[in-house]
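Trainee: predicted model and sequence follow; I will ask about them next.
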Amino acid sequence: MLVAVDAGGSSTRAVVLDATGSCLGLGTAGSGNPLSSGPEAVALALGDTLRQAVGSAGVPPASIASVVIAMAGSGAGVESGDPARAGILNGLSAAGLDAPFIVESDLLAMFHTGSCALDGHGLVAGTGSAAIRVRGGRVEAVADGSGWLLGDAGSGYWIGHHVVRAVVADLDGRGPSTALTPLVLDQLGIDSVGGSRRSSLLRLMEIVYEMRPVRLARFAPAAFAVAGDEAATAIVAGAARALAHTLSAVIDDRIDGPLVLGGSVLLHQASIAAAVEASFRSHGGAGEVVRVADGIAGAAVLALRHSGVTVDPAMFARIGESLAGLRERSATGR
């Protein structure tokens, strides 16, 4: 038995599978991203989701031969001094697992959720953003993924940050009036009718500066909720250009593989996904474009490959079908 984990910024998923690619048990928990949540959160989320997955599979913890964990900011392993390592070990122990583990890139897991091909390209735009080029089943090149301070252009954080900046510029008169302003003020519980514009601005600044910066991603949906608004339209167009530019940095037109798109921005905003695909084609990309919701199926692919199993299209389909069955049972409680 193998375990595959997709440790994301908003949620963590784990699946137990066998060497045929049949998924037998599924677990879900909160954030397992050590960069945004810390090693303590990794331990809690990992322990919780692993207990659920092993329990729902009905197998003893001792039957798990190995664990592959797809995690943001990680390569093929976690060094002994990395704080994330302690979180992982504590999470495995909490679930009663005493099995070797390998840490893989969450971007590679996202790519392999969309395809079992060994070559291709991937772009994720959720809270953060990054693009990869995959060759021979490994990540050959990465663009962005630099975090809220240095990059993540076009991401949910980037969009939310620009939304709040547009509201601030509206309130202090530096920018045009925008329908984003009442949306954001209402979301923050600020009275946009009874108070003055200055008092609203000061309260907004107080609340936002108390937030962790990545939490600005919560305001991203506002940019898509006000069709025809000048500021919102400019922000959405800017995000599309930024993501297309990030992808262009890794495109190799000699790779005849798919483009896999992941993350909430690309999954739910068709206009941005279409702009990215158009840019991909203009740079010589010829493969199919696939959108995926998370990276757990790809983590399963990586777990099988690390165990010496060749994942062909038939096995890839089996992973997807059995995983879909587990999700349905989890949703219905059966």
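Mentor: Cool, the structure landed.

Trainee: which elements pack onto the helix or strand that Val103 is a member of?
Mentor: Here Val103, judged by DSSP states H and E, is contained in strand 101-105. Counting contacts by 3 or more Cβ pairs under 8 Å, 6 or more residues apart in numbering; DSSP states H and E, strand 101-105 is packed against strand 66-71, helix 83-94, helix 296-306. Heads up, the C-betas are built off the backbone N, CA and C, glycines and all.

Trainee: okay, the ones you listed in TSV with mean pLDDT next?
Mentor: Output for the helices and strands packed on strand 101-105, formatted as TSV (pLDDT from 0 to 100):
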stretch	mean pLDDT
strand 66-71	92
helix 83-94	83
helix 296-306	96
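
Trainee: and Leu123, which of the ones you listed is closest to it?
Mentor: helix 296-306 (14.2 Å; Cβ to Cβ).

Trainee: helix or strand right after the closest one?
Mentor: Remark: after helix 296-306, the chain's next helix or strand is helix 313-332, criterion DSSP H and E.

Trainee: related to what we said a few turns ago, relative orientation of the strand holding Val103 and helix 296-306 in degrees?
Mentor: Angle of strand 101-105 versus helix 296-306, following axes from the mean of the first three to the mean of the last three Cα atoms, to 10 degrees, is 130 degrees.

Trainee: flag every buried residue along strand 101-105.
Mentor: Using 16 or more other Cβ atoms under 10 Å as the test for burial, strand 101-105 gives Phe101, Ile102, Val103, Glu104, Ser105.

Trainee: any chance of CSV for the helices and strands packed on strand 101-105, columns distance to Asp186?
Mentor: Output for the helices and strands packed on strand 101-105, formatted as CSV (distance: least, Cβ to Cβ, whole Å):
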stretch, distance to Asp186
strand 66-71, 36
helix 83-94, 37
helix 296-306, 35
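
Trainee: paired strands for the strand holding Val103, with orientation please.
Mentor: Note on strand 101-105: by DSSP bridges, its sheet partners are strand 66-71 (parallel).

Trainee: show me what the partner strand is in contact with.
Mentor: Residues from elsewhere that reach strand 66-71 (Cβ atoms under 8 Å, 6 or more residues apart in numbering): 2-7, 32-34, 46, 84, 88, 92, 97, 99-106, 108-110, 295, 298-299, 302-303, 306-307.

Trainee: run the chain-centre distance for that strand.
Mentor: How far strand 66-71 lies from its chain's middle: 16 Å, per Cα atoms, centre = their mean, to the nearest Å.

Trainee: likewise stretch 219-227?
Mentor: With Cα atoms, centre = their mean, you get 20 Å for stretch 219-227.

Trainee: and the end-to-end length of that stretch?
Mentor: The first and last residues of stretch 219-227 sit 15 Å apart, counting by Cα to Cα, to the nearest Å.

Trainee: rebuild the helices and strands packed on strand 101-105 as CSV, extending it with mean neighbour count and distance to Glu328.
Mentor: Output for these, formatted as CSV (neighbours: other Cβ atoms under 10 Å; distance: least, Cβ to Cβ, whole Å):
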stretch, mean neighbour count, distance to Glu328
strand 66-71, 26, 23
helix 83-94, 20, 26
helix 296-306, 26, 14
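
Trainee: to Arg133, which of these lies closest?
Mentor: Evaluated over the helices and strands packed on strand 101-105, closeness to Arg133 peaks at helix 296-306, with 15.7 Å, by Cβ to Cβ.

Trainee: quick one: that closest one to helix 313-332, angle?
Mentor: For helix 296-306 against helix 313-332, the angle by the same axes, to 10 degrees is 140 degrees.

Trainee: C-alpha coordinates for whichever strand or helix holds Val167, CSV please?
Mentor: Using DSSP H and E, the element containing Val167 is helix 156-172. The C-alpha coordinates for helix 156-172 follow below in CSV (Å, rounded to 0.1, in the frame of the first residue of the first chain):
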residue,chain,number,x,y,z
GLY,A,156,-5.2,35.5,-6.2
TYR,A,157,-3.0,37.4,-3.8
TRP,A,158,-1.8,39.7,-6.7
ILE,A,159,-5.4,40.4,-7.8
GLY,A,160,-6.6,41.0,-4.2
HIS,A,161,-3.7,43.3,-3.5
HIS,A,162,-4.6,45.4,-6.6
VAL,A,163,-8.3,45.4,-5.6
VAL,A,164,-7.5,46.9,-2.2
ARG,A,165,-5.0,49.4,-3.7
ALA,A,166,-7.8,50.5,-6.2
VAL,A,167,-10.2,51.0,-3.3
VAL,A,168,-7.6,53.1,-1.3
ALA,A,169,-6.9,55.2,-4.4
ASP,A,170,-10.7,55.8,-4.8
LEU,A,171,-11.1,56.8,-1.1
ASP,A,172,-8.3,59.3,-1.1
